[in-house]
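In: Sequence isn't available, so here's the structure alone:
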């Protein structure tokens, strides 16, 4: 028996709060889970700073990756199996891609990528194709197997059905994270009837479509997605924490570039500060490492770095107001000047944040768009785009959804001390 | 602040308006691949490289009144035209975005003259520019089989990229 088809002597199961059990029979999948690069995902939270708002949101990318794998396994083993439109020889590649799709995420990945101009997708590719334990396992299947998995995750695999299971507007990735994030945050929005959706998914030519009888379950999924974005992912307080985290990394980088003498050398960051980092450096970072540095930097003599770290570690977050930049652009300029006069550096303490800065998206129907919309298979075999059939989806898709906030440290402005009149003037402007 | 937003407004301003979301996506991608300073993250999607970040920025800029979006009904499909507004022009000045360098202006104008089909081909070739030329072409045939790009079109695309790169290098 080849390694690709080798099964474990006994099925392994992981207890999971969302899917109840995650089933592993393939030796390759079991070996991948045991690699150091996959185990690292235990130390990267799925929702970054959201735990500072929803205290339950401590779940990791490890949990989520197993969940995506399980959903794909059920689709192909329980629903697609035996259907002429599905190529059974794609089974292992799609299972591996589902399991490994988030492998390249770094610690607090969105903020980290933003500051150091990185892309986790690139790191996923590097981990799959570089000198790693994951690559060693995949290469045992066949020489070109790591590249095949990388192509599925990179969305350039020739079989689009395979790609769309992992990455489309109704894919296993979204179906897992919506339910998992709802479970761990404790909100009641992200629930939908996944069992029903899985049962009505059909492989068709170069995509996966939904039988029209399942439209209402998909409506529920779209609504869940919509509500989770506003209630959890775009939560203004969680964004405040993310703003501070980003500013900590910016400050540390700026200090390093100025030749600042850190009391404790930031060895783990050195390559990121000067652009010489390697894949090994990247894999050595996790959220435990970052939080340890933040603890240490709270005692740094640079007051800005110390203050920002204290804010993040002890959850003394920035206050925010709604801010219409188009109307208030001049006000922003005035605020920047007043902050400087008050001795508060606006680079770190006056931050405009827009929802397009967040890594989330809404359902788009696909009019001249780049992404395949959700397609319904009608009883006569025709394919119709979802929002043309569903009034509910039509009502919420294609609408502009943007949200702009201005973040600032209110405590600095209300504290007793010097420049009281100036600070009062700033607070008036921020009302 | 909002420097990346302002650069997008400037891009559309330099082009004196861009018709087609796909065309806009590909133009920014090609400029980015030529090392002009655009930061939007791109992934490969059905029509080639696509940036959700750019889509969201455009939405925001329309909301803020810095860009104007015109919806054009073409019968079987809908097309969108984007133009910089007066407020958008003011915004780029206030955001202190550096003036577009001459080679970028020329690059934008050359791209604007091309069809979105051609730009889809160019951007797909550029997406695979880490591969040897024959493999790049192979990728186009595998991933864009339905578009049936001819050898002449592919040659023209390579020449087009070379011209843009030469202009960039001369600057």
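Out: Perfect, I can see it now. Keep in mind the model is a prediction, meaning the values are calculated, not measured.
In: make it CA atoms for all contacts and neighbour counts henceforth
Out: Noted.
In: So which residues on chain B come close to chain A?
Out: Residues of chain B found near chain A (CA under 8 Å from any CA of the partner chain) are B:1-2, B:20-22, B:41, B:43-48, B:50, B:52-53, B:56-57, B:59-60, B:63-66, B:77-79, B:87, B:142-143.
In: and those, which are buried?
Out: Among the residues of chain B next to chain A, those that count as buried by neighbour count (16 or more other CA atoms under 10 Å in any protein chain shown) are B:20-22, B:41, B:44-48, B:50, B:52-53, B:56-57, B:59-60, B:63-66, B:79, B:143.
In: could you check whether stretch A:167-177 is close to chain B?
Out: No - using CA under 8 Å from any CA, stretch A:167-177 never reaches chain B; the gap is at least 9.5 Å.
In: Check the model's average confidence along that stretch for me.
Out: The average pLDDT for stretch A:167-177 rounds to 92.
In: how about the strands in the stretch 251-400 of chain A?
Out: A:319-322, A:351-354, A:375-377, A:383-385 (DSSP state E, counting those that start in this stretch).
In: who touches the one helix or strand residue A:202 maps to?
Out: Assigning secondary structure by DSSP states H and E places residue A:202 in strand A:201-204. Residues from elsewhere that reach strand A:201-204 (CA atoms under 8 Å, 6 or more residues apart in numbering or on different chains): A:75, A:79, A:80, A:85, A:86, A:161, A:208, A:209, A:210, A:211.
In: Using ChimeraX, define a selection of the buried residues within those.
Out: A single ChimeraX command selects the buried members of the contacts of strand A:201-204 (16+ other CA under 10 Å):
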select /A:75,79,80,86,161,208,209,210,211
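In: May I have the residues that are in contact with residue B:13?
Out: Contacts of residue B:13 (CA under 8 Å, 6+ apart): B:83, B:84, B:89.
In: got these as CSV, with distance to residue A:200 columns?
Out: Listed next are those as CSV, based on distance: CA to CA, whole Å:
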residue, distance to residue A:200
B:83, 43
B:84, 45
B:89, 50
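In: near chain B, which residues of the stretch 1-150 of chain A show up?
Out: Applying CA under 8 Å from any CA, we find that the stretch 1-150 of chain A lies next to chain B at residue A:119.
In: my read: residue A:16 touches residue A:22, true?
Out: Yes - the criterion here is CA atoms under 8 Å, and residue A:16 meets it with residue A:22 at 6.6 Å.
In: Those two: which is more packed in?
Out: Neighbours were counted for residue A:16 and for residue A:22 using other CA atoms under 10 Å in any protein chain shown; residue A:22 has more, 20 against 13.
In: ranking the strands of the stretch 251-400 of chain A by burial, who's on top?
Out: Highest mean neighbour count of the strands of the stretch 251-400 of chain A: strand A:375-377, a mean of 25 (counted as mean count of other CA atoms under 10 Å in any protein chain shown).
In: Is residue A:24 part of a helix or strand, or is it coil?
Out: strand (DSSP: H, G, I helix; E, B strand; the rest coil).
In: Spatially, what comes nearest to it if we skip its sequence neighbours?
Out: Leaving aside its sequence neighbours, residue A:24 sits nearest to residue A:12 (CA to CA, 6 or more residues apart in numbering or on different chains; 5.1 Å).
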